[in-house]
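Asks: this one's structure only:
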């Protein structure tokens, strides 16, 4: 099922910037979270760079706060985590937030439009659809990243939950 919605050039450009972080890039300009919505096409609604999050104690909790109970959205999230092997990982996560509490029309529109996003944004290692706040608590989210995640955004998780 497709909706005929396309993906804006801005979304494509931003994703490419997120996946190709260079060592000489200024860390504070790094894009960490992108909120996208469907208007005529899938468009960028808001961008949060590292410098926008300097005063945020827990970036994952900030990310969770962007999930509104009655609005569907797509998120590109530059997620930082640590595994049991003590390796620090940084992966871009594509997430469709389609809460059960949103009305049915936008939920269907976003689910159908995600096909265009999946075809456009290639190379995503973590691609989730989340419909409930319980599916995006720290432990569950970390589990979706892999079974060996110990820390998410510098904060400990309980493995296997």
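Replies: Thanks, I have the structure now. It should be emphasised that the depicted structure is a prediction, and the values quoted were computed from it without experimental measurement. Numbering: from 1, shown residues only.
Asks: counting contacts, what elements does the helix ranked longest in the chain pack onto?
Replies: Across the chain, the helix with the greatest residue count (assigned by DSSP state H) is helix 104-120. Helix 104-120 sits against helix 9-19, strand 31-38, strand 42-49, strand 73-83, strand 88-97, strand 126-130, with contacts defined as 3 or more C-beta pairs under 8 Å, 6 or more residues apart in numbering; DSSP states H and E. Quick note: C-beta positions are derived from backbone N, CA and C, even for glycine.
Asks: neighbouring contacts of that helix?
Replies: 1-3, 5-7, 11-12, 36, 38, 42, 71-74, 94, 96, 98, 124, 127, 129 (C-beta atoms under 8 Å, 6 or more residues apart in numbering).
Asks: Filter those down to the buried ones, PyMOL style.
Replies: Of the contacts of helix 104-120, the buried ones can be selected in PyMOL as follows, counting by 16 or more other C-beta atoms under 10 Å:
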select buried, resi 3+5+7+11+36+38+42+71+72+73+74+94+96+98+124
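Asks: what about this structure, any weak spots by pLDDT?
Replies: Applying pLDDT under 70 to the chain flags residues 1-3, 22-25, 159-161.
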